[in-house]
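Participant: need a structure here:
(one chain, ligands or ions: 2)
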Amino acid sequence: MLYAEVAVTVPVRLNQTFHYRVPEVLQQELSRFSRVEVPFANRVVQGFVIGFSPPPPTAKIKDIKRVIEKEPFLNEELLITAEWLVQRYLCSIGDALQCIAGPPGSKKKYQESVLVAAVDQNVLTGLVRAPKQKETLEVALAKPGLSKSELAKLAGVSLSVVNTLLAKGYLKEICQSQDSEATPIQAKKPNLTKEQEDAVQQLRRVLQSAQPSAWLLYGVTGSGKTEVYLRTIEEVLRQQRQAIVLVPEISLTPQMVERFRSRFGSKIALLHSALSQGERYAEKDRIKSGEASVVLGARSAIFAPVPNLGLVIIDEEHETSYKQDETPKYHAREVALQRAAQSGAAVILGSATPAMESFCRARPGGPYTLLTLTKRIEDRELPKIQIVDLRQELGLGNRSIFSLTLQRALTRRLERLEKCILFLNRRGLASIVVCRQCGQVMKCPHCDISLTLHSDGWLKCHYCSYQTRSPVICPHCSSRIIRSFGVGTQRVEEEMNRLFPTCKVLRMDADTTTRKGSHKKLLEAFIHGDAQVLIGTQMIAKGLDIPQVTLVGVISADVTLHMPDFRAAERTFQLLTQVAGRAGRGQTPGEVIIQTYDPEHFSIRTAQRHDYLKFYQKEMITRQALQYPPFSHLIRVLFSGINEADVLAAAHWWQGQLTTTKQSSGFQKIEILGPAPAGIPKIKDRYRWQLIIKGSISKEIRSVAAQVLEQAGLRFKQVAVSIDVDPVSM
Ligand SMILES: Nc1ncnc2c1ncn2[C@@H]1O[C@H](COP(=O)(O)OP(=O)(O)OP(=O)(O)O)[C@@H](O)[C@H]1O
Ligand SMILES: [Zn+2]
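Facilitator: Ligands and ions are numbered 1, 2, ... in the order given. Have a look, this model is predicted:
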């Protein structure tokens, strides 16, 4: 009898696994790491086989039901990463493996997808007696990469002809995802600047030593960080090792993908959430075999099953999208460091605005080595930034959301046929709708958040799909004096059309980019088309390299400044610096105008002077005074449920247990804050309360939380408890 040890993907104790019998019929289909379906407490759940061993004598043994995926691209190295995730982020081993393996891929689908001819002229000549086969092969030669049915259709033959050619070996099926169209490799590389050269030299040296290392590449916007990445990867490929390159969101970075393609061609594999099952399988297969040696992807690509990891690059390392917001709530940066330590690989974190935590780790003697690029390519100047005090605009009698300064600058740039970017980190028309009589703000009935007015006349909740018509009469006091306040990107577009009716404008935000590929289309239209102004949310803040853009206008810097989060100042500085960095990347110097009601704020002042170091020093003083990260570590425990009393009861029980556990463990320096309502106290009808565990030693607070998690077991059936180690937003 064969028994398998299975890690199930349900909340159980952190390292707990269960034994199942392997039915005779499944024995061929099953191997170590297979993804299976098993019965678990009256339901069927997924799990991963992590070994074959006899069960403990007392266990009640059930059968494995089904094999979902025989080889889900896991391996010994990734199993160690899974075990590390369990300790680091307090999730079950099943959840960790699920997260690493990702959604199941499907081999069948991709095998049907793409055909190439594997013949030469001799074979064709030999086929004179089979004209249909010959013709079909000729079509396949002329157009590689068709699917079976496409080829049959184009050649005007039946599918059976194609199948015959496959059986004879004249046609071959290859795995190729739709994205990996062959881009010609450009041999021409720019000469590195002195600063780039220095960075590349140091990185090459450490790569040759094959010792694990971590680097912070702090380079101002437009300083050529990408070129440093490309050259470093060349070294990794010379050593027959692989590189993983992470970008915040792949659909937002078509330019980056192109640059990598033109350098490495078919060595690139793309991993992102929009891949089909077949495409995902194909890409992972190429990665596993080493055929694709440069993996480019979003957060989860950090788990790519490369055989010999040499390098991980995290571009825009300060971005919050590197933190997963579901269990396990891992940060790709930390996973990168773990995998690199295990494989003797290097990690490069690149940013013009590094996270406070990262810059702190790059201090002399810290775990990262600092590399700096202080100048833009070709000594181009960083754009001049002007701050406009919106309070004075009102005094001047200007009621437009565009200050007079911004209007003048726009006029000038448009006349010269240059391009402009207008940035506002809020979509929709107006941020809130209020009754002037009773002061009630229109809120989502399911989420504790105000509704946003959109130009189609609907009030929409940005957290759930709820929408309602904007009321004419206040639902609370029946007054008719209802007004909207605050602006969103749609309002900016309207204002643009009013002030500059002949100017062609594009808008890029969550509302205009719902379709696959729409980001790329919009960007291409802006770069190559006659639209002169691009309006957008944070989607347009980073990575864009468009030389024709000479003016960037920030409609309001105050959106992020007043977020209820201790990182509000940091986020504001980062966003302003990144969006300002889009200006003046070509021959013509750039200009930036930032509008705000808080012109003296140090985030805005330091961004104006492009002074990251000053910002960092000042912000560190605040963080130290309040003992926030990087001076402490936090764990956020979030309780949510339909019934608020249940939620509160769970939170109070946890608070009590945490306090006792902390005392009995002798960890005096740990603070337990709360319970308090979460930043958004209700989402989709679920009430949300939170506790914050704060301490100077990460291991200690994790140990306390883990102990209470074990004690809690299944105590609170109606309340979801979610643990976030090192949260990036509060
Ligand atoms: N050594 C070089 N010589 C000439 N051009 C270069 C060189 N290195 C990079 N470039 C070009 O300079 C531009 C800016 O480089 P890149 O986009 O890599 O900057 P970056 O530091 O990543 O900027 P950001 O952080 O703003 O995205 C690109 O168009 C790139 O092709
Ligand atoms: Zn809602």
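
Participant: is it true that Ala298 touches Val245?
Facilitator: No - contact between Ala298 and Val245 fails when scored by C-beta atoms under 8 Å: they sit 10.5 Å apart. Glycine gets a C-beta too; all of them are placed from N, C-alpha and C.

Participant: how much space between Pro630 and ligand 1?
Facilitator: Applying C-beta to the nearest ligand atom, to the nearest Å, the value for Pro630 to ligand 1 is 22 Å.

Participant: quick check: that residue touching Glu619?
Facilitator: No - at 10.4 Å, Pro630 does not count as touching Glu619 under the criterion of C-beta under 8 Å.

Participant: so these two - more neighbours on which side?
Facilitator: Glu619 (21 against 15; other C-beta atoms under 10 Å).

Participant: next, count neighbours for the closest residue to Met496 other than its chain neighbours.
Facilitator: Leaving aside its sequence neighbours, Met496 sits nearest to Val505 (C-beta to C-beta, 6 or more residues apart in numbering; 5.1 Å). Other residues within reach of Val505, judged by other C-beta under 10 Å, total 18.

Participant: report the beta-bridge partners for Val505.
Facilitator: Per DSSP bridges, the residues bridged to Val505 are Val533.

Participant: quick one: it and Ile535 touch, right?
Facilitator: Yes - using C-beta under 8 Å, Val505 makes contact with Ile535 at a distance of 6.3 Å.

Participant: which residues do the two both contact?
Facilitator: 493, 496 (C-beta atoms under 8 Å, 6 or more residues apart in numbering).

Participant: quick check: closest non-adjacent residue to the closest residue to ligand 1 within the stretch 551-700 of the chain.
Facilitator: Across the stretch 551-700 of the chain, no residue is closer to ligand 1 than Gly581, which sits at 4.4 Å (C-beta to the nearest ligand atom). Closest residue to Gly581 apart from its sequence neighbours, by C-beta to C-beta, 6+ apart: Thr221 at 2.6 Å.

Participant: got a list of what that neighbour touches?
Facilitator: The contact partners of Thr221, taken as C-beta under 8 Å, 6+ apart, are 352, 376, 382, 577-578, 580-582.

Participant: which of these fall in strands?
Facilitator: Among these, DSSP state E puts none in strands.

Participant: among those residues, which one sits closest to ligand 2?
Facilitator: Gln578 (29.0 Å; C-beta to the ion).

Participant: how far away is the closest one from Tyr612?
Facilitator: Separation of Gln578 from Tyr612 (C-beta to C-beta, to the nearest Å): 11 Å.

Participant: repeat that for Glu150.
Facilitator: Glu150 is 52 Å from Tyr612, by C-beta to C-beta.

Participant: okay, those two: which has more neighbours?
Facilitator: Tyr612 (20 against 16).

Participant: and the nearest residue to Met442 once chain neighbours are set aside, how many neighbours?
Facilitator: Ranked by C-beta to C-beta, 6+ apart and with sequence neighbours excluded, the top spatial neighbour of Met442 is Val433, at 4.5 Å. Val433: 23 surrounding residues under other C-beta under 10 Å.

Participant: quickly list what Val433 is bridged to.
Facilitator: Ser484.

Participant: for the chain, which helix or strand comes out least confident on mean pLDDT?
Facilitator: Least confident helix or strand, the chain: helix 107-111 with a mean of 56, by mean pLDDT, DSSP states H and E.

Participant: could you pull up the contacting residues of Leu551?
Facilitator: Leu551 neighbours (C-beta under 8 Å, 6+ apart): 409-410, 413, 418-421, 583, 590-593.

Participant: likewise Ala557?
Facilitator: Ala557 neighbours (C-beta under 8 Å, 6+ apart): 572, 576, 594-596, 598, 604.

Participant: which of the residues you listed fall in strands?
Facilitator: Filtering the contacts of Ala557 for membership in strands, criterion DSSP E, returns 594-596.
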